[in-house]
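# no letters, just coordinates:
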């Protein structure tokens, strides 16, 4: 690790919708934070680079530090999309504005953050979903292939399933569900035609906002909503078992759906899930420090 | 009906990828045909109008008729997307180049074509899927809400399910399937990363091309492929029952998947399915003649 106690570190956690930056000193004190836009190189390489750079500017300003210090930062950068080797390579070739840049997947920095730099496993269920385990420098990604073909048990998946079931119910193919009124109300629709016009062309972020209605309907006893959650949990538990087979010390659950999902998991699964110790952007700094060491 | 035996009719069957035109005389003889591009007003109104107009030009040329005769044509125009009232209205306001235009859904003209102008029901399983019944001027659409949230048991849906299962199998969440080799080979991929890069951003037409691999794998005994087909058929049979409850004289199955799907339907369902007597574009002319009458 750098012996220079003046050294500043930048931690980046970038995904499909936003990019979080944090500035830390060598004692791991948070000096400033910033949030910019989308930073998934698989979606848009130039935009990802611009978002990482801009988030660093915002964090420096938040820390009341000179903007020129950007070129002195040791950056740990965790990004969605760089699990694809081609996009890891493209992003790594960036003529970045930092002193050095250590690139990893958003999964890896989240895992390091969750377990304070130790080996471990994480499961993410936010807008997307993914499982990841890192044990003795061996890593495995399970799922996380994106919406709509992957990311089962994610917010986007739950919202999509809700719309799918509402349309089936509207056509009389399945029975009535409380989801119909909730989804129609949330999207200001009054029949299947306006629903179809409203959802046209939307992606994961749009659908993820509808996920809450599945959990509300399920809590109120709606069988169709409960069945969707059970299907998601069955997938989640398969991912859990695949990760645990690698014998991580700990497994943590991260993401916006966690509070609603925990009660639906089998008690023996839920009981094994640890609370993450640090957020992913701090994990990015820990990663950079490991790489510098 | 027009008493003028010189009157020419244009029949249009337009969808998300192409627009078919046919020129008929008053004795229902086919004089010429033409195919142009996408013609779904919900996707692109101006393009749909241009495609309808261009297909008519091509059909007139194919019939060795003067291009100026376009303004003399009585047009029956069946289009995807105009089941949505907003897009029916927008398309119907078109300052079209014909003598008159009678607009209907692609479903309605397909149904009229399939039963030579009589009442009846149709089920479509091509790139998309949909059920439709027209009895005593009462009509009902079942399904057909589009890909990926609807159109269960369509080519796009089967192709999408194939990719979904290949990714689950690759992650070890489900067992091995012959679909993996077939889909990897069809898309020239060798792992899940290249598969994800290849499928990114693709829509219904892309996935529909993969449907054949589900049926090939199922025929060779692959359990996962067979289960997907059974899931599709269960939906199809629900749609069938909903349509038959309206007591149509006949029900026909239309679309590219028909030859592969028929053997997977329950024998009592398959036995009730009639052969369509005319293609949708001829149905469009029959519709125009009905409206003129």
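Cool, the structure landed. Keep in mind it's a predicted model, so treat the numbers as computed, not measured. Numbers count the residues shown, from 1 in each chain, chains lettered A, B, ... in the order given.
# CA only for contacts and neighbour counts going forward, please
OK.
# can you show me the helices along chain A?
For chain A, helices defined by DSSP state H occupy the ranges A:45-62, A:85-92, A:106-114, A:155-170, A:178-186, A:192-199, A:204-208, A:211-219, A:223-244, A:258-261, A:267-270, A:280-292.
# average model confidence for the last one?
It stands for helix A:280-292. Mean pLDDT, helix A:280-292: 95.
# chain center to it, what's the gap?
17 Å (CA atoms, centre = their mean, to the nearest Å).
# same check, this time on the fifth one
Its chain's C-alpha centre and that of helix A:178-186 lie 26 Å apart, by CA atoms, centre = their mean.
# sort out which residues of that helix are buried, please.
A:178-180, A:182-184 (16 or more other CA atoms under 10 Å in any protein chain shown).
# just the third one next, same as before
Under the neighbour-count criterion of 16+ other CA under 10 Å, helix A:106-114 has A:106-114 buried.
# get me the contact residues on the stretch 101-250 of chain A for chain B.
Contacts of the stretch 101-250 of chain A with chain B, taken as CA under 8 Å from any CA of the partner chain, map to A:142-143, A:145, A:148-150, A:160, A:163-164, A:167-168, A:171-173, A:193, A:196, A:235, A:238-239, A:242.
# got a quick ChimeraX command for the buried subset of these?
Entered in ChimeraX, the line below selects the buried ones among these, by 16+ other CA under 10 Å:
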select /A:142,143,145,148,149,150,160,163,164,167,168,171,173,196,235,238,239,242
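# circling back: adding distance to residue B:119, write the helices of chain A out as TSV.
Below are the helices of chain A laid out as TSV (distance: least, CA to CA, whole Å):
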stretch	distance to residue B:119
helix A:45-62	55
helix A:85-92	56
helix A:106-114	57
helix A:155-170	24
helix A:178-186	32
helix A:192-199	24
helix A:204-208	39
helix A:211-219	40
helix A:223-244	35
helix A:258-261	50
helix A:267-270	56
helix A:280-292	62
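# please identify the most buried of these.
helix A:106-114 (a mean of 28; mean count of other CA atoms under 10 Å in any protein chain shown).
# need the contact partners of it.
A:13-15, A:78-80, A:117-122, A:132-134, A:252, A:275-284, A:286-287 (CA atoms under 8 Å, 6 or more residues apart in numbering or on different chains).
# now with 6 Å, please.
A:78-80, A:122, A:276-280, A:282-284 (CA atoms under 6 Å, 6 or more residues apart in numbering or on different chains).
# what angle separates it from helix A:280-292?
90 degrees (axes from the mean of the first three to the mean of the last three CA atoms, to 10 degrees).
# how far does helix A:106-114 sit from its chain's centre?
Using CA atoms, centre = their mean, the offset of helix A:106-114 from its chain centre is 10 Å.
# so for that helix, mean pLDDT?
On average, helix A:106-114 scores 95.
# from residue A:4, how far off is residue A:136?
28 Å (CA to CA, to the nearest Å).
# what's the closest non-adjacent residue to residue A:204?
residue A:156 (4.9 Å; CA to CA, 6 or more residues apart in numbering or on different chains).
# looking at it, the one you found is touching residue A:206, isn't it?
No - using CA atoms under 6 Å, residue A:156 is not in contact with residue A:206, being 7.4 Å away.
# and stretch A:205-223, how far from the chain's centre?
With CA atoms, centre = their mean, you get 19 Å for stretch A:205-223.
# an error on my part: the question was meant for stretch A:29-40.
Distance, centroid of stretch A:29-40 to centroid of chain: 15 Å (CA atoms, centre = their mean).
# same check on stretch A:92-105?
The answer for stretch A:92-105 is 21 Å, by CA atoms, centre = their mean.
# ditto for stretch A:116-123
Relative to its parent chain, stretch A:116-123 has a centroid offset of 15 Å by CA atoms, centre = their mean.
# quick check: end-to-end length of it?
First-to-last residue span, stretch A:116-123, CA to CA: 16 Å.
# quick one: buried residues of it?
Buried residues in stretch A:116-123 (16+ other CA under 10 Å): A:116-123.
# same thing with stretch A:67-85?
So for stretch A:67-85, counting by 16+ other CA under 10 Å, buried means A:70, A:73-84.
# export the residues you listed to TSV and append columns for distance to residue B:263 and pLDDT.
What follows is the buried residues of stretch A:67-85, written out as TSV (distance: CA to CA, whole Å; pLDDT from 0 to 100):
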residue	distance to residue B:263	pLDDT
A:70	66	97
A:73	65	98
A:74	63	98
A:75	60	98
A:76	57	98
A:77	54	98
A:78	50	97
A:79	48	96
A:80	44	91
A:81	42	89
A:82	44	94
A:83	42	88
A:84	40	88
